[in-house]
Every structure is written in structure tokens, then in C-alpha cells.
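> Quick check, what structure comes out for this input:
(one chain, ligands or ions: 2)
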Amino acid sequence: MKKMSRKIVVALGGNAILSDDASAAAQQEALKATAKQLVKFVQQGDQLVVSHGNGPQVGNLLLQQAAGSTPKNPAMPLDTAVAMTQGSMGYWLENALGTALADAGIQQDVATVVTQVLVDADDPAFKNPSKPIGPFYTADEVAVERQNHPGYTYVEDAGRGYRRVVASPKPTGIKEANVVNQLVAANVIPVSVGGGGVPVVQEGHQLVGREAVIDKDFASEKLAELIGADLLIILTAVDHVFVNFNQPNQKQLTHVTVAELNDYMADGQFAKGSMLPKIQAAIDFVQNHPAGKAVITSLDNVDQFLKTGDGTIISRN
Ligand SMILES: Nc1ncnc2c1ncn2[C@@H]1O[C@H](COP(=O)(O)OP(=O)(O)O)[C@@H](O)[C@H]1O
Ligand SMILES: NC(=O)OP(=O)(O)O
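Ligands and ions are numbered 1, 2, ... in the order given. As a prediction, the model looks like this:
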């Protein structure tokens, strides 16, 4: 028997798209496997909205833009580059999901919505770049990059090397949220807030782009809230959130409340820039939309989640 249809925003993490090979072919190949997992929700009767990150991709695109730019062929600014990754990655997702749906005998369209996400012009994040984008560099490589791009900021990223960081303001609204809801009502799978959405600020009647990269977990949360989703599912590389992660005494979290997560956060249990934004997005969702639940699990665990609800389930209380 089919389960009741749920409206679900699924946010795809880096491992759903990118391996060591950043070619289009390799990313499209990875998305084939991802799409097969996503179609399992559709087979259960769920209505999906798909979002995705773009940190590596938009950073690589900016480097390509800078390398090839001339006065007649100028490099595009970051907000436009985010929109470009929404287009290219939306194409890959439409293509991969289209095939996986057809393979499963399901007639359903997928449509990418280039999504503008409102941010506050005075968000302090504009003065404090924190979002890593593009490739990792060794200490020697980053010294060269710093010379080539004196305006860029680089930080050491958790022992994994150096990366460029850009501003990452918090989303306050989503221009195309109603369009996404209309697509869901028409039985279309929208791909939206890709790469966190294009950051824009409201100036009178105009939306004006800002050079930044919004965290896709926060943007996915905002979208899930605005369209009244039943579930926000954040798919990443781990089946569960852990306390004492990677320690001999690590403990997986299965069902967890906001109060418990607040205690764990105060205890520094979730790494900044990786698990912490997912936890904060999950908390925001269940607090701003009390009927909803948030889930953090992996693509590999989708079968188990659909069968038994396995994963880290975050509820208000
Ligand atoms: N407490 C924790 N529990 C589980 N994973 C954690 C924890 N702290 C940090 N992590 C790491 O965070 C990663 C998810 O963050 P990240 O790779 O940035 O996300 P994304 O999948 O969106 O690209 C996990 O794969 C894991 O390695
Ligand atoms: N925009 C964004 O959050 O991208 P990543 O998830 O790839 O960092």
C-alpha cells in the first residue's frame, strides 16, 4: 500500500555530486546514482523538491572566468556565477532524474528554477568571509594563489588544506517560493535554491545581486518553511549525526529534540562549516514550522530511512 504523500525538500551534499574528478562527465555519473536513490521517495508517493550545494563548482567556475577574462569578455561576478551553477547543475539533475524516473516507469517532469534568495544588505557575514569554495590548496599553492588574486581571502580548512572563502549571508526570503509550490502542485519535481540560491537584496521594487554564496542547508530550510514541507531531509556522507564524532566513544543520534541539540551545540559537538549548519538548519525548520520534521542521513541510507525511519530525526520536542 502506498504511504500518504509527503512534501519533502531534499538537500544534496557534496558527496552526491562530486568525487576527486571535477569533470562534467564524472559529476553527471555521480548524479546518476543519486537520482536512483531520490526516485525511491517518488515510488513511495512523496513529492520532492531537490536542492544542492555548489561550493566546489562555483569556486572552480570563478577561477575559469578569471583565467579567460579580457576587457571584451569580462569575468562574471559571483552572484551571476551562482546562477550559472544553478543552470549547469540543474541540467545535470534534470537529466539524471529524468532517466531514473523513466527507468522506474514513472511519468514525471523535473524543472530547474533559477532561484533568487533574499539576504540582508547589512548582514555582518558580508564583512567576514566564511564559506569555502573551489579547490583545496597546499601551503605552497596558496602562496601563489594569494599573489595571483590579492583580493581573495583564503583559510586553512580543518587540516585538509587551504581554500578561498567568500561571504555567506543568511537567507531571509525566497522570491520563487510560490513558483516552486505551483510546480509541486502540478506534479513536477522542482530543483530549487541550488548553491543556496542567488543572493539578492531588496531595493525598492528591484532585487539586486550581491557577491556571496549562501549555505545550501540554510536556503533549503527557508524553502521548506515557505512551502510548508512535511520534511526537510539533508543528505550528506554520514548515516547519522554523532556526539563525540570520530572518537572511540562516539554515539549516533536517532531521535533528537531541539533542547538536546542546543546542549550538544553548547558542548561544541558539531564541526563549524560542516555539521553545524545542518544542525542549525534542522533546528530552524522544526521551530519555524512545528508540523515539520528534519532528517539528517546519507544517500546510502535512503532505503533504510524509507523502510524504518533510520537516520537522525530532529523534532521540536
Ligand atoms: N558530530 C558530527 N556527526 C556527524 N558528522 C559530523 C559531525 N561533525 C562533523 N561531521 C562531518 O560533517 C560532514 C558533513 O558536512 P559536509 O561534508 O560539509 O556536508 P555536505 O554533505 O553538505 O557537503 C560529515 O560527513 C562528517 O564528516
Ligand atoms: N552553497 C553551498 O552551501 O555549497 P556547498 O554545500 O557545496 O558548500
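
> anything in stretch 219-233 near ligand 1?
No: no part of stretch 219-233 sits close enough to ligand 1 to count as contact by C-beta under 6 Å from any ligand atom; the gap is at least 10.0 Å. Any C-beta I mention is one placed from the backbone N, CA and C, and that applies to glycine too.

> ok, and for that stretch, which residues are buried?
219-227, 229-233 (16 or more other C-beta atoms under 10 Å).

> Show me what from the stretch 151-300 of the chain comes close to ligand 1.
Taking C-beta under 6 Å from any ligand atom, the part of the stretch 151-300 of the chain that reaches ligand 1 is made up of T236, A237, V238, V241, F242, F245, Q269, F270, A271, S274, M275.

> out of those residues, what pair is the most spread apart?
Between all members of those, the longest pairwise span (C-beta to C-beta) is found for A237 and Q269 and amounts to 17.3 Å.

> Looking only at neighbour counts, state which of those two leads.
Under the neighbour definition other C-beta atoms under 10 Å, A237 and Q269 were set side by side, and Q269 has more, 18 against 12.

> check contacts around the more buried one.
Contact criterion C-beta atoms under 8 Å, 6 or more residues apart in numbering gives V243, N244, F245 as the residues in contact with Q269.

> Helices of the protein, start to end?
Using DSSP state H, the helices assigned to the chain run over residues 24-43, 55-68, 78-103, 139-148, 177-185, 216-226, 258-266, 275-288, 302-308.

> which helices and strands sit right next to the longest one?
In this structure, helix 78-103 packs against helix 24-43, strand 47-52, helix 55-68, strand 110-112, strand 189-191, strand 198-203, with contacts taken as 3 or more C-beta pairs under 8 Å, 6 or more residues apart in numbering; DSSP states H and E.

> So which bits of the third one are buried?
The one in question is helix 55-68. Neighbour-count burial for helix 55-68 flags G55, P56, Q57, V58, G59, N60, L61, L62, L63, Q65 (criterion: 16+ other C-beta under 10 Å).

> List every C-alpha atom in that helix, with coordinates, as CSV.
What follows is helix 55-68, C-alpha atoms only, in CSV (Å, rounded to 0.1, in the frame of the first residue of the first chain):
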residue,chain,number,x,y,z
GLY,A,55,30.9,25.3,-3.2
PRO,A,56,33.4,23.4,-5.3
GLN,A,57,31.7,24.1,-8.6
VAL,A,58,31.2,27.9,-8.2
GLY,A,59,34.8,28.3,-7.0
ASN,A,60,36.1,26.4,-10.0
LEU,A,61,33.9,28.5,-12.3
LEU,A,62,35.2,31.7,-10.9
LEU,A,63,38.8,30.6,-11.5
GLN,A,64,37.9,29.7,-15.1
GLN,A,65,36.3,33.1,-15.5
ALA,A,66,39.3,34.9,-14.1
ALA,A,67,41.7,32.9,-16.2
GLY,A,68,40.0,33.6,-19.5
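
> Any residue of that helix touching ligand 2?
Yes: for helix 55-68 and ligand 2, the contact criterion (C-beta under 6 Å from any ligand atom) is met by G55.

> Can you give me the separation between the residue in the stretch 1-150 of the chain that ligand 1 sits nearest to and ligand 2?
Here the stretch 1-150 of the chain gets closest to ligand 1 at one residue, G13, 2.0 Å apart by C-beta to the nearest ligand atom. Counting by C-beta to the nearest ligand atom, to the nearest Å, the gap from G13 to ligand 2 is 6 Å.

> Ok, A125 next?
Taking C-beta to the nearest ligand atom as the measure, A125 and ligand 2 are separated by 13 Å.

> Could you do A24 as well?
In this structure, A24 and ligand 2 are 16 Å apart, going by C-beta to the nearest ligand atom.

> Report pLDDT for that residue.
pLDDT recorded at A24 is 97.

> show me the contacts for it.
S88, W92.

> Around ligand 2, which positions in this protein sit nearby?
If contact is defined as C-beta under 6 Å from any ligand atom, the residues of the chain in contact with ligand 2 are G14, G53, N54, G55, G195, G196, V213, D215, K216.

> again, only this time at 8 Å
Contact residues, the chain versus ligand 2 (C-beta under 8 Å from any ligand atom): 13-14, 52-58, 82, 131-133, 168, 195-196, 213-217, 219, 277.

> Find me whatever residue is spatially closest to the residue in the stretch 1-150 of the chain that ligand 2 sits nearest to, sequence neighbours aside.
Nearest to ligand 2, among the residues of the stretch 1-150 of the chain, is G53, at 2.3 Å (C-beta to the nearest ligand atom). If you skip the residues right next to it in sequence, G53 has K216 as its closest partner in space, 4.5 Å away by C-beta to C-beta, 6 or more residues apart in numbering.

> L276 now?
F270 (4.3 Å).

> Hmm, the residue nearest to G53 is touching V10, no?
No: in this structure, K216 is not within contact of V10 by C-beta atoms under 8 Å, at 11.3 Å.
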